[in-house]
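A.B. asks: Any chance you can model this:
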Amino acid sequence: MKHMLHPAWYLLALFLAAPFTGRAAEPNTLTEAEKKAGWKLLFNGKTTDGWESFRKGGDPTKGWKVVDGALTRAAGGAGDIVTADEYGNYELVLEYKIAKGGNSGLMFHVLREGGAPWHSGPEIQIQDNKDGHDPQKSGWLYQFYKSDVDTTKPAGEWNELRFLITPEKGSLWMNGTKYYDFVYQSDDWNQLLAKSKFANMPKFGKATKGHLCLQDHGDEVAFRNIKIREIK
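C.D. replies: A predicted model of the protein is given here:
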């Protein structure tokens, strides 16, 4: 079925007229303006509350730790972690800091079924673009959409990633620069899916609601200021 931008996108555009009201004075906190706009924190800067080990459930303390106010993949055997709650249409903002040569990822609409989160959830690549080894660069939607510019900061520095996903439109920004727009499950999406390594995975990219996932790819990575606002 062909997906086109719906007139309802006009209302959504009004809703997103001021999508991000600026970083709060302290990490992992919300400004009053953000609270009024419907934002909520997915990480409080102190505990791993709200995050679980994929499929295993429970507190993801093994390898994932809170270090200097950041949710950090700090040790081997950490495994992928997912939000306890599921989300459908939303805007997400987070900051990440990747180790030199490191690789990680942010996945959305992840289902509990399957052997790994990437069996169902599309991945936004996170890596050190200078010394990383994956041809898919940080901020790209893995094997789907990419950017011709690179606004990422060097390994060891914080980057701000902003992501929007609705049935009418998806978008990604890196450090304030828009990388691409797309329409999830559109004809274009399905054509790219058919050419990807995910083509034969029956659950991949099929959900319209699911968990967010932070990937353990074997390297140190830290996340903070993880905030979301759902779009009803």
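A.B. asks: and Ala194, how many neighbours?
C.D. replies: 10 (other Cβ atoms under 10 Å). Yep, even glycine has a C-beta here, placed from its N, CA and C like the rest.
A.B. asks: Can you list the buried residues in the helix or strand where it lies?
C.D. replies: Following DSSP states H and E, one finds Ala194 within helix 187-195. For helix 187-195, a neighbour-count test (16 or more other Cβ atoms under 10 Å) marks Trp189, Leu192, Leu193 as buried.
A.B. asks: TSV for the residues you listed, including distance to Leu106 and pLDDT?
C.D. replies: Below are these laid out as TSV (distance: Cβ to Cβ, whole Å; pLDDT from 0 to 100):
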residue	distance to Leu106	pLDDT
Trp189	18	98
Leu192	19	98
Leu193	19	98
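A.B. asks: so what's Pro219 closest to, chain neighbours aside?
C.D. replies: Slight slip there: residue 219 is Asp, not Pro. Counting by Cβ to Cβ, 6 or more residues apart in numbering, Gly102 is the residue found nearest to Asp219 once chain neighbours are left out, at 3.4 Å.
A.B. asks: who does the residue positioned nearest the centre of the chain bridge with?
C.D. replies: The centre of the chain sits closest to Leu106, judged by Cα atoms, centre = their mean, with a distance of 3.9 Å. Note on Leu106: beta-bridge partners Ile124, Leu214, judged by DSSP bridges.
A.B. asks: For it, which residues are in contact?
C.D. replies: Taking Cβ atoms under 8 Å, 6 or more residues apart in numbering, we find Leu106 in contact with Leu94, Glu123, Ile124, Ile126, Leu161, Phe163, Leu212, Cys213, Leu214, Gln215.
A.B. asks: Closest one to Leu71 out of these, please.
C.D. replies: Distance to Leu71 across the contacts of Leu106 (Cβ to Cβ) is lowest for Leu214, with 7.3 Å.
A.B. asks: Please determine how far the closest one is located from Ile81.
C.D. replies: Here Leu214 is placed at a distance of 5 Å from Ile81 (Cβ to Cβ, to the nearest Å).
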